[in-house]
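> sequence plus the predicted model coming up.
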Amino acid sequence: MQELSQQANKFDLSPNIHYLNGAYMSPQLKSVTRVGAESVGKKAKPYEITGSDFFENTELIRAEYSKLISNPDPNRVVLIPSVSYGMATITKNINLQNKEVVIVGEQFPSNVYPWMTATKEQGGRLIIIDPPGIVEHRGNIWNEKILQAIGANTAVVALPQAHWADGTLFDLTAIRKRTLDVGALLIIDGTQTVGAYPIDIDELKPDALICAGYKWLLGPYGLGLAYYGEYFDNANPLEENWINRLNSEDFDGLVAYEESYQNGSLRFEVGEHSSFVLVPMLLEGLKQLNDWRPERIQAYCKSIVHEPIKLLKDEGFWIEDEALRTDHLFGIRHQSMPIDSIKQVFAEKNIFVSYRGDAIRVAPYVHNSVNDLNVLASTLIKNIKQYA
């Protein structure tokens, strides 16, 4: 595998900015900005927008995204406006009466609220597996607790590939095996990993993978992607829009109303998903990701975070062990963290991160250098010593 070099020249970030916050929102590729500007101007001449424009770029997105996630059937990929939309499609088509839904604690609300509502309305039970209260073997213990919670009464396990607050990896292979053993569905929120961390849908075969597009897919805000497995082949969509019906490509025949939907999972796409501005931008981001490849992105991030993380650990900071977290997203904790002071000094030094729970969430990417991480580490260490 050829190593990936720093890619700062493809982004429009100021050199005096230490942007380590891609988990909040990715910086926009220059090429995506260019495509977006061109796309905005396209509607100024609507007579140049043809019927094929409603379909061609979305088909290309399906192909590019399928390549990215090793999905053999592009027709199982649909465009959605948000993770909550993708999850609502799922909860609409699952019977949870007297059944259990297992989720992990402190995960992003878009993969919590749908299950809170669905279990309450349908008479099910929500099982929340909180992270361990200790740091030693934390990731292993958390994964074991999840596996132990999956039983004969489990209908759904809904969790991310890696935790949004600190990058803790969940053992999806073991969890998938357990869900299959008990006949439960596996629903994955891939927003904080897909595009930056490898996932193989053909091997894992989850029942759904839902992903926002504005983080590690390098797309615009307002567009995401969902993969639905065979369980949902005959399920009901959230809305009945014209383009999701069979033969909708034939504009002259649209009033010959169709009972049948398009093939695969295309019935689940959001209305107006052909968006002539957002779709080309997301497509451009996906093309770049397939050139870089998630495994190379991880390797690059590891190369710039390894030594700074070691330095932080030597000074008493806790970060999950390398094998149990991602390298493009990790949390930093300390037994006495002066958060208000850290926020102030980070702002002064143009260090951009997020604060999630008791962790400082750091999310580097291919535009960063080891210097960005060294500035972060040295600033944290100095601040801790000052308030010790």
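Here it is on my side, so go on.
> separation between Asn382 and Leu312?
Let me fix one detail, which is that residue 382 is Lys and not Asn. As for Lys382, its distance to Leu312 is 12 Å (criterion: C-beta to C-beta, to the nearest Å). For the C-beta atoms, the positions are set from N, CA and C on the backbone; glycine is no exception.
> tell me which of those two has more neighbours.
Using other C-beta atoms under 10 Å, the more surrounded residue of Lys382 and Leu312 is Leu312, with 23 against 11.
> moving C-terminal from the helix or strand that one falls within, which element do we reach first?
Element membership of Leu312, judged by DSSP states H and E, is helix 294-314. The helix or strand immediately downstream of helix 294-314 is strand 330-332, counting by DSSP H and E.
> list the contacts of Asp200.
Residues in contact with Asp200, defined by C-beta atoms under 8 Å, 6 or more residues apart in numbering, are 69-70.
> sorry, slip of the keys, the one I care about is Gly253.
Counting by C-beta under 8 Å, 6+ apart, Gly253 touches Asn247.
> and the helix holding Leu312, how far from the chain's centre?
20 Å (C-alpha atoms, centre = their mean, to the nearest Å).
> same for that helix, what does it pack against?
strand 330-332, helix 370-387 (3 or more C-beta pairs under 8 Å, 6 or more residues apart in numbering; DSSP states H and E).
> now Val135: how far from Met1?
Note on Val135: its distance to Met1, by C-beta to C-beta, is 32 Å.
> who has more neighbours out of these two?
Neighbour tally, Val135 and Met1, criterion other C-beta under 10 Å: the higher count belongs to Val135, 14 against 7.
> show me what contacts that one?
Contacts for Val135 (C-beta under 8 Å, 6+ apart) come out as 318, 333.
> so it: helix, strand or coil?
Put simply, Val135 is coil when judged by DSSP: H, G, I helix; E, B strand; the rest coil.
> quick one, grab the pLDDT at it.
On pLDDT, Val135 comes in at 87.
> low pLDDT regions in the stretch 51-200 of the chain?
In the prediction, the stretch 51-200 of the chain carries no residues with pLDDT under 70.
> I misspoke; the intended subject was the stretch 251-388 of the chain.
387-388.
> okay, now the domains of this structure?
Domains of the chain are assigned by automatic domain parsing as 8-30+293-387, 38-291.
> distance between the shortest one and the chain's centre?
Centroid separation for domain 8-30+293-387 versus its chain: 19 Å, with C-alpha atoms, centre = their mean.
> now do stretch 210-224
8 Å.
> got the CA positions of that stretch in PDB?
Presented in PDB, the C-alpha positions along stretch 210-224 are these (Å, rounded to 0.1, in the frame of the first residue of the first chain):
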ATOM      1  CA  ILE A 210     -26.600   5.200   8.000                       C
ATOM      2  CA  CYS A 211     -24.100   8.000   7.400                       C
ATOM      3  CA  ALA A 212     -24.200  11.800   7.300                       C
ATOM      4  CA  GLY A 213     -22.200  13.300   4.500                       C
ATOM      5  CA  TYR A 214     -20.700  16.400   5.900                       C
ATOM      6  CA  LYS A 215     -18.000  14.900   8.000                       C
ATOM      7  CA  TRP A 216     -15.700  12.100   6.700                       C
ATOM      8  CA  LEU A 217     -17.500  11.800   3.400                       C
ATOM      9  CA  LEU A 218     -16.300  15.300   2.600                       C
ATOM     10  CA  GLY A 219     -19.700  16.300   1.300                       C
ATOM     11  CA  PRO A 220     -22.000  19.300   2.000                       C
ATOM     12  CA  TYR A 221     -24.300  19.700   5.000                       C
ATOM     13  CA  GLY A 222     -27.800  18.400   4.300                       C
ATOM     14  CA  LEU A 223     -27.100  15.200   2.400                       C
ATOM     15  CA  GLY A 224     -26.200  11.700   3.600                       C
END
